[in-house]
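*Asks:* following is a predicted model, sequence given first.
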Amino acid sequence: MNASQKSAEIISIDSKKNVPVPLSVYVRHTVDQYLSQLSGHDAVGLHALVISEVEKPLLEAALAHSGHNQTKAAKALGLSRSTLRKKLDQYGLS
């Protein structure tokens, strides 16, 4: 059983039991799937790719959760408000 199958099995089992699954399990599963789709090609810039794919929806979720209050969203994310504003501009979310 490869790592992707193993993490898929964990997600399937835990979702049936209604047990919270750590976010890292989903990330690992998704990265394993991505790598398996490369069909033997080398992965390049994987870290930057994952960060850019995860950061935007993270910011969107934090803003929605805080009622679009940037001060509260920044606090929830553990960022300064100025850093949050830079990131929102970077992703076109301002």
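*Replies:* Alright, I've got the coordinates.
*Asks:* report the mean confidence score over stretch 68-80.
*Replies:* Averaged across stretch 68-80, the pLDDT comes to 98.
*Asks:* contacts for that stretch next, please.
*Replies:* Leu58, Leu59, Ala62, Leu63, His65, Ser66, Arg81, Thr83, Leu84, Arg85, Lys87, Leu88 (Cβ atoms under 8 Å, 6 or more residues apart in numbering). For the C-beta atoms, the positions are set from N, CA and C on the backbone; glycine is no exception.
*Asks:* how is the chain divided into domains?
*Replies:* 3-36, 46-90 (automatic domain parsing).
*Asks:* can you turn the buried part of the contacts of stretch 68-80 into a PyMOL selection?
*Replies:* Those of the contacts of stretch 68-80 that count as buried under 16 or more other Cβ atoms under 10 Å are selected in PyMOL with:
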select buried, resi 59+62+63+66+84+87+88
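*Asks:* among the contacts of stretch 68-80, which one lies nearest to Asn18?
*Replies:* Within those, proximity to Asn18 (Cβ to Cβ) peaks at His65, which comes in at 21.6 Å.
*Asks:* skip the chain neighbours and tell me the closest residue to the closest one.
*Replies:* Ala76 (6.7 Å; Cβ to Cβ, 6 or more residues apart in numbering).
*Asks:* and the one you found, backbone torsions?
*Replies:* The phi/psi pair for Ala76 (degrees, to the nearest 10) reads phi -60, psi -40.
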